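Asker: sequence? don't have it. structure:
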């Protein structure tokens with residue numbers, strides 16, 4: 001992977017960035033994504049934010065080597081603190097982190113999102129917590145994607161302030177409204193695996209002292225199984 005040839009995962013993220021956007025890529029690593037977006041003529045300008053010194057230096061070097069130093073600002077900062085008002089950022093991308101960490105980044109500096117029109121988020125796990133955040137903070141789910149790369153499955157969520165889905169059922173919060181509607185083979189594979197894991201965990205908890213925390217966990221797993229099987233159907237015979 002490089003600034004002109006992204007991974008399948010990041011290419012899909014880039015596909016959701018609109019023409020002429022000013023993009024802030026948070027946790028940018030080598031700044032491949034913003035460099036790619038400018039090389040392709042998709043983004044007008046960019047910000048590459050990194051909180052770790054090593055990746056920050058790598059991003060600066062990459063942007064310089066790509067001849068984009070005048071159009072991409074590389075900043076050493078925590079999360080959305082990499083964005084400055086004069087940047088005029090319209091799109092924020094955050095990819096390759098856990099959903100809980102992405103949510104924390106969004107919640108910590110929500111004022112930085114004042115002029116932002118779209119969020120393109122690629123959580124490695126726990127996508128539901130981002131849908132929940134969106135519902136609580138006036139963002140709507142306007143698109144989703146799911147893909148498999150190197151034997152890992154990734155979800156991509158797109159949030160905007162209007163349009164799309166402003167209200168979600170419990171099943172849509174867990175599975176994703178657009179992903180659920182499409183029900184692709186990758187989607188089915190992901191949730192069959194999750195159901196299997198949840199059932200194994202529940203079986204391992206049988207006979208253990210039922211603390212309040214354990215009871216809540218069992219209820220959560222049971223509810224998730226019900227929601228997922230409500231969409232996919234049960235395949236208990238495979239696991240017995």
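Answerer: Done, it's in. Quantities reported herein were computed from a predicted structural model and do not represent experimental measurements. Numbering: from 1, shown residues only.
Asker: before we move on, which element is whatever residue is furthest in space from the centre of the chain in?
Answerer: Distance from the centre of the chain peaks at residue 207, with 36.6 Å (Cα atoms, centre = their mean). Per DSSP states H and E: residue 207 is located in neither a helix nor a strand.
Asker: which SS class is the residue nearest the centre of the chain?
Answerer: Taking Cα atoms, centre = their mean, the centroid of the chain lies closest to residue 122, which sits 2.4 Å from it. Classification of residue 122 by DSSP: H, G, I helix; E, B strand; the rest coil places it in strand.
Asker: coming back round to it: roughly how far does the residue farthest from the centre of the chain sit from residue 217?
Answerer: Per Cβ to Cβ, to the nearest Å, residue 207 is found 15 Å from residue 217. Where you see a C-beta, it was placed from the backbone N, CA and C, and this is true even at glycine.
Asker: all helices for this protein, in order.
Answerer: Here the chain has its helices, by DSSP state H, at 8-15, 32-39, 53-65, 99-108, 128-136, 170-175, 177-182, 185-205, 212-232.
Asker: can you redo those helices as CSV with distance to residue 156?
Answerer: Shown next, in CSV, are the helices of the chain (distance: least, Cβ to Cβ, whole Å):
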stretch, distance to residue 156
helix 8-15, 6
helix 32-39, 13
helix 53-65, 22
helix 99-108, 12
helix 128-136, 11
helix 170-175, 14
helix 177-182, 10
helix 185-205, 12
helix 212-232, 20
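Asker: picking up where we left off before, excluding its backbone neighbours, what's nearest the residue nearest to the centre of the chain?
Answerer: Computed as Cβ to Cβ, 6 or more residues apart in numbering, the closest residue to residue 122 that is not its neighbour in sequence is residue 95, at 3.8 Å.
Asker: and the one you found, how far from residue 26?
Answerer: Counting by Cβ to Cβ, the gap from residue 95 to residue 26 is 9 Å.
Asker: now swap in residue 35 and tell me
Answerer: According to Cβ to Cβ, residue 35 and residue 26 sit 15 Å apart.
Asker: point out where this structure drops to low pLDDT.
Answerer: Counting by pLDDT under 70, the chain has low-confidence residues at 235-240.
Asker: repeat that with 90
Answerer: For the chain, applying pLDDT under 90 flags the ranges 1-4, 166, 205-210, 213-214, 233-240.
Asker: does residue 228 touch residue 197 like I think?
Answerer: No: Residue 228 is beyond contact range of residue 197, at 11.0 Å (criterion: Cβ atoms under 8 Å).
Asker: ok, the two, which is more surrounded?
Answerer: Taking other Cβ atoms under 10 Å, residue 228 and residue 197 do not tie; residue 228 has more neighbours (21 against 11).
Asker: from residue 199, how far off is that one?
Answerer: 11 Å.
Asker: ok, now residue 125?
Answerer: 19 Å.
Asker: OK, contacts around residue 109?
Answerer: Neighbour list for residue 109: 79-81, 83 [criterion: Cβ atoms under 8 Å, 6 or more residues apart in numbering].
Asker: and the two most separated of these?
Answerer: The two members of the contacts of residue 109 with the most space between them (Cβ to Cβ) are 79 and 83, at 9.1 Å.
Asker: which residues do these two both contact?
Answerer: In contact with both residue 79 and residue 83: 49, 109, using Cβ under 8 Å, 6+ apart.
Asker: which of those two has more residues huddled nearby?
Answerer: Neighbours were tallied for residue 79 and for residue 83 using other Cβ under 10 Å; the higher tally belongs to residue 83 (26 against 20).
Asker: for that one, phi and psi?
Answerer: According to degrees, to the nearest 10, the main-chain angles of residue 83 amount to phi -90, psi 130.
Asker: is it true that it touches residue 24?
Answerer: Yes: with contact defined as Cβ under 8 Å, residue 83 counts as touching residue 24 (5.0 Å).
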